[in-house]
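Asks: Based on what follows, work out the 3D shape:
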Amino acid sequence: MLLSHSTRSVSALFLRWRLFAGLPSLPLSLPLPTSSPAAAPGCAEMVWTVPLHEHSWYDHVRLKRVFVTDGTRHQVVLVDLRKLLLCADRDNTDYVLKPVAEWHSGKVRGIREFLDPDSARIPQMPYVTISTRRAPGLLGWIGIEREGVVSFRNGQHRARYLADAGARWCPVEVHEREASLLRELCGAADDARTVIRATQLGGDSRV
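Replies: Coordinates of the predicted model:
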């Protein structure tokens, strides 16, 4: 018996659905490293643990995201603190801090207490923007060589304190349109992900 055109269309659609249903499903339950912890309902807040190698007061700090609502369009990037601060020293907005050794004792004590991992409050990670400009010298003048410039929107004190305390890498938050440039110019080495881990509060740790 011949099937009508509409019947054949429904049959073809049903066949495609069965073929699609037989394919292995993607691991949607695994969150992206840079996704917001609030992107999925009921998802616990993420905390990054940063080890300190030259700090007698405590050996690590805990940091959380600045933007935790869904759709913020910000990403977490693991950076090499030395590279980040080198780019930050090029900022010409008059908001470049002196080295920690030149801070007055009250400021040092304040940031040390603020970052104390035994505190109930978890500090936010630094929040930055990044751009490029012509590098000094002939290659920069003719537009061939460019250098990165980082500006802190928040967290410059904690970033410089962490570097002084022996932290090599640190998570920072940046707008998604600047994330690839930040990784290119200041990104941490691959083994940083084995040292700095993001952990759900009350849950398991994950890279």
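
Asks: The residue minimising distance to the centre of the chain: which element?
Replies: Central residue of the chain (C-alpha atoms, centre = their mean): residue 76, 1.8 Å from the mean position. Assigning secondary structure by DSSP states H and E places residue 76 in strand 74-80.

Asks: So what's the gap between that strand and the chain middle?
Replies: Put simply, strand 74-80 sits 2 Å off its chain's centre (C-alpha atoms, centre = their mean, to the nearest Å).

Asks: What helices and strands are in contact with that strand?
Replies: When contacts are defined as 3 or more C-beta pairs under 8 Å, 6 or more residues apart in numbering; DSSP states H and E, strand 74-80 sits against strand 169-175, helix 176-186, helix 192-195. Bear in mind the C-beta positions are built from the backbone N, C-alpha and C, glycine included.

Asks: pLDDT-wise, which helix or strand of this structure ranks last?
Replies: When the helices and strands of the chain are compared on mean pLDDT, DSSP states H and E, helix 5-21 comes out lowest with a mean of 42.

Asks: Okay, now the unreliable bits of the protein?
Replies: The chain contains residues with pLDDT under 70 at 1-44, 70, 139-141, 143, 202-207.

Asks: What are the boundaries of the helices in it?
Replies: 5-21, 81-88, 105-115, 138-141, 156-164, 176-186, 192-195 (DSSP state H).

Asks: Okay, angle between the fifth one and strand 169-175 too, please.
Replies: What separates the directions of helix 156-164 and strand 169-175 is an angle of 150 degrees, with axes from the mean of the first three to the mean of the last three C-alpha atoms, to 10 degrees.

Asks: Just give the number of residues close to residue 54.
Replies: Counted by other C-beta atoms under 10 Å, the residues lying close to residue 54 total 10.

Asks: thought it was touching residue 166?
Replies: Yes: applying C-beta atoms under 8 Å, one finds residue 54 in contact with residue 166, separated by 3.2 Å.

Asks: related to what we said a few turns ago, export the helices and strands packed on strand 74-80 as TSV, with columns for mean neighbour count.
Replies: Shown next, in TSV, are these (neighbours: other C-beta atoms under 10 Å):
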stretch	mean neighbour count
strand 169-175	24
helix 176-186	17
helix 192-195	14
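
Asks: Just send the ones you listed back as JSON lines, with distance to residue 115 too.
Replies: Formatted as JSON lines, the helices and strands packed on strand 74-80 follow (distance: least, C-beta to C-beta, whole Å):
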{"stretch": "strand 169-175", "distance to residue 115": "11"}
{"stretch": "helix 176-186", "distance to residue 115": "21"}
{"stretch": "helix 192-195", "distance to residue 115": "18"}
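
Asks: which one of the ones you listed lies closest to residue 130?
Replies: helix 176-186 (4.9 Å; C-beta to C-beta).

Asks: Other residues contacting the closest one?
Replies: 34, 73-75, 77, 79-80, 83-84, 87, 128-132, 148, 150, 172, 174 (C-beta atoms under 8 Å, 6 or more residues apart in numbering).

Asks: mind running it again at 10 Å?
Replies: If you take C-beta atoms under 10 Å, 6 or more residues apart in numbering as the criterion, helix 176-186 is touched by 34, 72-88, 128-132, 146-150, 172-175, 187.
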